[in-house]
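# Return a 3D structure for these sequence lines:
(one chain, ligands or ions: 1)
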Amino acid sequence: MAINKTVEFMRSKLEGCKPKVGIILGSGLGQFADNVEDQIIFSYDELPGFPDASVKGHAGRIILGKVQGTEVAVLQGRAHYYESGKPDIMRLPIETLKELGCETLLLTNAAGSLRLEAKPGSVMLLTDHINFTGVNPLFGEPETSRFVDMVNAYDPDLRHQFHQAAITQNIKLHSGVYIWFCGPSFETPAEIRAAKILGADAVGMSTVPEVILARFFGLNVAAISIITNMAAGMSDKDLSHEQTMENASMAANDLQALLGEFLLNYKKT
Ligand code: HPA
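Just a heads-up that it's a prediction; the model follows:
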């Protein structure tokens, strides 16, 4: 099985490094990986079963080491459902994190904002999600553990730790509900109006299947969106991937400070 091969191969090179926290970096947020000390790097190409991270802004590497004293495994680049039509495309990387010893998964992404006060360049901690795609990464999973409880999927204790980190670092941290649209086309203004009525605060094309998989594998989850744009129909700017990449860098420093402070104080029982 690819998972056994991958984990065995990685363990043979890890020299005792046992990551506690897995981190998936979203579009334009890859520079956080520069903070990892004592780096051990694997390219997705050398890991059986890992996807290629083909979207511009995703490097396709996993970097293990330490950030602020906490052992981490940073995935620089994710695969999206819209690339392959496979909702479980991130299953093996997430299972690998679990097998290597991770107890927590931190997800980051670029997102559009549905809230006027959460402007491009700001950061939002996710409290919950709406799966608007009708697909699920656990389709076909035979074990009864597929009936995953999604209440408190975004761990309240980790959320508290992030709010504390934001206070210490003097960063305004919004909270909100993320809605997953499958993409790759952006949403229509009518879809965004509908999403608002449904209770969404941010919109994006990733993260939700990864949260479901992480909970399936028993990982604690926290997720942060970098707001790169106002959602469709909420501003007169055209939506584009280039804009996402450019604006992600506006909040990258805040995200970096937030993750660093969180990892400095990280504890989970
Ligand atoms: N919609 C979907 N995905 C996104 C957006 C958006 O407005 N911005 C960044 N990723």
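# In terms of helices and strands, where is the closest residue to the ligand within the stretch 101-250 of the chain?
Residue nearest to the ligand within the stretch 101-250 of the chain: Gly112 (2.3 Å; C-beta to the nearest ligand atom). Every residue, glycine included, has its C-beta placed from N, CA and C. Taking DSSP states H and E as the criterion, Gly112 maps to strand 104-113.
# CA atoms of that strand as PDB?
C-alpha atoms of strand 104-113 as PDB (Å, rounded to 0.1, in the frame of the first residue of the first chain):
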ATOM      1  CA  THR A 104      -3.100  18.400  15.000                       C
ATOM      2  CA  LEU A 105      -3.500  19.700  11.500                       C
ATOM      3  CA  LEU A 106      -3.400  23.500  10.700                       C
ATOM      4  CA  LEU A 107      -4.900  24.400   7.400                       C
ATOM      5  CA  THR A 108      -4.400  27.700   5.600                       C
ATOM      6  CA  ASN A 109      -6.000  28.900   2.500                       C
ATOM      7  CA  ALA A 110      -6.700  32.000   0.400                       C
ATOM      8  CA  ALA A 111     -10.400  33.000   0.500                       C
ATOM      9  CA  GLY A 112     -12.900  35.600  -0.700                       C
ATOM     10  CA  SER A 113     -14.700  37.500   2.000                       C
END
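# Whatever helix or strand comes next after it near the ligand anywhere?
Later in the chain than strand 104-113, the nearest helix or strand by DSSP H and E is strand 123-131. No. Strand 123-131 is not in contact with the ligand by C-beta under 6 Å from any ligand atom; minimum separation 11.8 Å.
# I'd like the numbering to begin with 487 instead of 1 from here.
Yep, numbering from 487; the last one is strand 609-617 now.
# what's strand 609-617 in contact with?
597, 599, 604, 639-640, 645, 648-649, 652, 657-666, 681, 684-688, 693-694, 697-698, 708-713, 737, 740-741, 744 (C-beta atoms under 8 Å, 6 or more residues apart in numbering).
# Which helix runs longest in this structure?
Across the chain, the helix with the greatest residue count (assigned by DSSP state H) is helix 727-750.
# count of residues packed around the residue of the stretch 587-736 of the chain closest to the ligand?
28 (other C-beta atoms under 10 Å).
# Same check on Asp531?
For Asp531, using other C-beta under 10 Å, the count is 9.
# Quick one: name the residues of this structure near the ligand.
Proximity of the chain to the ligand is confined to 596-598, 667, 672-673, 689-691, 714-715, 717, 725, 730 under the rule C-beta under 6 Å from any ligand atom.
# if you skip the residues just before and after it, what's nearest to the spatially most central residue of the chain?
Among the residues of the chain, the one closest to the centroid is Leu593, at 2.3 Å (C-alpha atoms, centre = their mean). Excluding the flanking residues, the one nearest Leu593 by C-beta to C-beta, 6 or more residues apart in numbering is Ala709, at 4.1 Å.
# quick one: the strand or helix carrying that neighbour to strand 609-617, angle?
Element membership for Ala709, per DSSP H and E: strand 706-716. Counting by axes from the mean of the first three to the mean of the last three C-alpha atoms, to 10 degrees, strand 706-716 lies at 100 degrees to strand 609-617.
# any idea of the mean pLDDT for strand 706-716?
For strand 706-716, mean pLDDT rounds to 96.
# With stretch 672-692 instead?
98.
# doesn't Leu561 fall inside a strand?
Yes. Counting by DSSP: H, G, I helix; E, B strand; the rest coil, Leu561 is part of a strand.
# wait, it sits on Gly508?
Yes. Using C-beta atoms under 8 Å, Leu561 is in contact with Gly508, at 6.9 Å.
# May I see the ChimeraX selection of the buried members of the contacts of strand 609-617?
Filtering those down to the buried ones (16 or more other C-beta atoms under 10 Å) takes a single ChimeraX command:
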select :597,599,604,639,640,645,648,652,657,659,660,662,663,664,665,666,681,686,687,688,693,694,697,698,708,709,710,711,712,713,737,740,741,744
